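Chemist: Below are the sequence and a predicted model; questions follow.
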Amino acid sequence: DVQLVESGGGLAQVGGSLRLSCAASGFTFDDYAVGWFRQAPGKEREEVACFGSSNGRTFYRNSVKGRFTISSDSARTRVYLQMNYLKPEDAGVYYCNADGRGRYRGRTYWGEGTQVTVSS
């Protein structure tokens, strides 16, 4: 079974940093695009960063470029999101996501999310 378990959320000050971690199991990274989404209260869930997007490149939404970095461990069992220079608009629940490609297209998995709060 595919499992995605996030950790590392919490409270940070504006300008501060947090590192999110997602423990991933039950699938192969080669078969899925793996990344992070977030959802702020009253807003739609939005993609933040992703490995293996449709064009094969690492994706970052414009508002986090230069501040956030997505990475994985060498065994490709964990996905990280290093968040620097945090802004109030970065607050929300962050979700780890695996989205199937090729013969796995249509299969999407989510973690339960981890809360990120940014205080000024």
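Modeler: Right, received. Where do you want to start?
Chemist: buried residues in stretch 95-110?
Modeler: Going by neighbour count (16 or more other Cβ atoms under 10 Å), the buried part of stretch 95-110 is Y95, C96, N97, A98, D99, G100, R101, Y104, Y109. Using the backbone N, CA and C atoms, a C-beta is placed for each residue, glycine as well.
Chemist: Now do the same contact list for the third one.
Modeler: N97 makes contact with L4, V34, G35, W36, F37, E47, C50, T108, Y109, W110, G111 under the criterion Cβ atoms under 8 Å, 6 or more residues apart in numbering.
Chemist: What residues are recorded as beta-bridge partners of it?
Modeler: G35, W110 (DSSP bridges).
Chemist: Next one: it from L4, what distance?
Modeler: Per Cβ to Cβ, to the nearest Å, N97 is found 7 Å from L4.
Chemist: Just the closest of the buried residues of stretch 95-110 to V118, please.
Modeler: Y95 (17.0 Å; Cβ to Cβ).
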